[in-house]
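J.: got a sequence here, can you build the structure:
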Amino acid sequence: MITLARRTLIGGAAALSLSLSAMGAQAQEFINVLTGGTSGVYYPLGVALSEIYAKGIQGSRTQVQATKASVENLNLLQQGKGEIGFSLGDSVQEAVKGNKEAGFPQPLDKLRGIAAIYPNYIQIVASQESGIKSLADLKGKSLSVGAPASGTELNARAIFTAAGMKYEDLGKIEYLPFAESVELIKNRQLDATLQSAGLGVASIRDLATSLPINVVAVPKADVDKIGAPYIPVIIPADTYDGQSADVETAAVGNFLITHDGVSDETAYQMTKLLFENLPQLIASHAAAKAIDPAKALDGMPVPLHPGAERYYREAGILK
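T.: Just a heads-up that it's a prediction; the model follows:
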């Protein structure tokens, strides 16, 4: 026969067990931050976000995953293999449509928005030795356009189409990450690289300090032919060593994206902590200076996650 005291003890033990189980479940919350190559801008920002979330979201464990960037990140999010990822806006648009040529055999319907962050500048840089000063000069030369079907490579295709050019016009095309492209240029095995990244990207800074470069313009008229989400912008003089003048090019907005399997509370905290810790993000890369909560919903190509929406309503950004 179970006494009252024993029942109380058993009940208390059961309650404690449930409490510990709940704490254990909370402790198992995992946030995988999907970034890009380690020489790009996504990676240092992702590392900073991971540190911010590990400190600010109670019971969370965080990880930073280096990837091939936009296209891979979106496919991983659809599969639930990441909780937040960086992507170019045009890649998100193609993902929602299910553009096979862009790397999305089926429409990705689980993607949800966190925030618009900073613009990616399409930066075409050649060694001075190559003689490349314009898009037309790329004909017959060798160019790296990023990993196949990456966000950068989608940008390259758009630029070439607007300029009335094709990959076949090149002497050689390479599909390589930023750092590898730069190493080939240093070794005189490649003439130019097209990199879609924040201004001051480490790979191009490295190249510019190693040998004389030309930053190749993408004329406003060509950018206007592409249209949204591309916008004409300027790479300011002295962004890179040896770049003495402003250079016209195109920019595409970057977004932080999550998926509908992430809890409302986690998405809320990820959004809130992003904007509460901008100094730490800026310290990790200057591109974060462009992150502005007032512009966080500009051009959002997917529905907001309900948790992110809650933050924007609390902040008065959404009425």
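J.: show me where the stretch 151-300 of the chain has helices.
T.: Taking DSSP state H, counting those that start in this stretch to define them, one finds helices in the stretch 151-300 of the chain at 151-162, 178-186, 202-210, 220-226, 264-276, 278-284.
J.: one more: the stretch 1-150 of the chain?
T.: In the stretch 1-150 of the chain, the segments counted as helices under DSSP H, counting those that start in this stretch are 4-27, 42-56, 70-78, 89-97.
J.: name the helices or strands packed onto the third one?
T.: Packed against helix 70-78, as judged by 3 or more C-beta pairs under 8 Å, 6 or more residues apart in numbering; DSSP states H and E, are the following elements: strand 29-34, strand 84-88, helix 89-97, strand 111-127, helix 151-162, strand 247-259. In this view, the C-beta of every residue, glycine as well, is placed from N, C-alpha and C.
J.: ignoring the adjacent residues along the chain, who's closest to G80?
T.: Counting by C-beta to C-beta, 6 or more residues apart in numbering, G80 lies nearest to G261, which is 5.3 Å off, once chain neighbours are set aside.
J.: near Q243, how many other residues are there?
T.: 18 (other C-beta atoms under 10 Å).
J.: settle this for me: it is touching R205, isn't it.
T.: No. Taking contacts as C-beta atoms under 8 Å, Q243 lies outside contact range of R205: 10.7 Å.
J.: pLDDT weak spots in the stretch 151-300 of the chain?
T.: Counting by pLDDT under 70, the stretch 151-300 of the chain shows no low-confidence range.
J.: which non-adjacent residue is nearest F104?
T.: A95 (4.8 Å).
J.: now do the same contact list for that neighbour.
T.: By C-beta atoms under 8 Å, 6 or more residues apart in numbering, the contact set of A95 is 71, 74-75, 78, 87, 102, 104, 107-108, 111.
J.: the same query, at a cut-off of 7 Å, please.
T.: Taking C-beta atoms under 7 Å, 6 or more residues apart in numbering, we find A95 in contact with 74, 104, 108, 111.
J.: one more: S196?
T.: For S196, the contacting residues are 88, 120, 122, 151-152, 155, 252, by C-beta under 7 Å, 6+ apart.
J.: out of everything not next to it in sequence, what's closest to V145?
T.: Of all residues beyond its chain neighbours, the one nearest V145 is A156 (3.9 Å), with distances taken as C-beta to C-beta, 6+ apart.
J.: just I114 next, same as before
T.: Nearest non-adjacent residue to I114, counting by C-beta to C-beta, 6+ apart: L256, 4.0 Å away.
J.: now that neighbour: how far from T271?
T.: 8 Å (C-beta to C-beta, to the nearest Å).
J.: next: E168.
T.: Taking C-beta to C-beta, one finds E168 at 44 Å from T271.
J.: between those two, who's got more neighbours?
T.: More crowded of E168 and T271, by other C-beta under 10 Å: T271, with 28 against 7.
J.: check contacts around that one.
T.: Contact partners of T271, counting by C-beta under 7 Å, 6+ apart, are 114-115, 307-308, 311.
J.: among those residues, which pair sits farthest apart?
T.: Spatial extent of the contacts of T271 (C-beta to C-beta) is set by the pair A115 and G307 at 11.8 Å.
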